[in-house]
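Q: sequence? don't have it. structure:
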């Protein structure tokens, strides 16, 4: 009888973990369906694991990417450095959500390791200036950084 209670508790925990995994999978499926670009005939495609890549999720056009990579050298002063992680991949555009600004404005990011630059929209978020930032998929791809990395960026604007 004493051993039955811990065993029942372990079984209950296992069932709850499996149910939680199903919820996580459902959430991922919702994000992938929302982020999947429309196909040529206008219908939404159902993504498969092999069809979902950074290239298919990135909604920036070639022209938008080219404009973002045309960065002028004298536009705005240095705001500081930030450590950025990949933001919401379903949110299109070239942006950085950062506590380094208090109002939305245009700015630039520079990867100090490679010197790569990209023009972005700086969007304020709450937190100390030393807090991290979130960067768009399009901006990360333009900087040619690993999407899974935490990347240190110099911010001007």
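A: Received the coordinates, thanks. Just so it is clear, the structure is predicted and the values come from calculations on it, not from any experiment.
Q: in the protein, which spans are helices?
A: 4-35, 54-57, 62-68, 137-143 (DSSP state H).
Q: quick one: low-confidence parts of the protein?
A: 1-53, 56, 66, 68, 71-75 (pLDDT under 70).
Q: again, only this time at 80
A: For the chain, the stretches flagged by pLDDT under 80 are 1-76.
Q: what's stretch 92-105 in contact with?
A: Stretch 92-105 is contacted by residues 59-60, 64, 68, 79-80, 82, 84, 87, 107, 109, 118-129, 131, 133-136, 138-139, 142, 153, 155, 157 when judged by C-beta atoms under 8 Å, 6 or more residues apart in numbering. The C-beta positions use only the backbone N, C-alpha and C, and glycine is treated the same way.
Q: counting neighbours, which of those residues end up buried?
A: By neighbour count, with 16 or more other C-beta atoms under 10 Å, the contacts of stretch 92-105 hold 59-60, 64, 68, 79, 82, 84, 87, 107, 109, 118-123, 133-136, 138-139, 142, 153, 155, 157 as buried.
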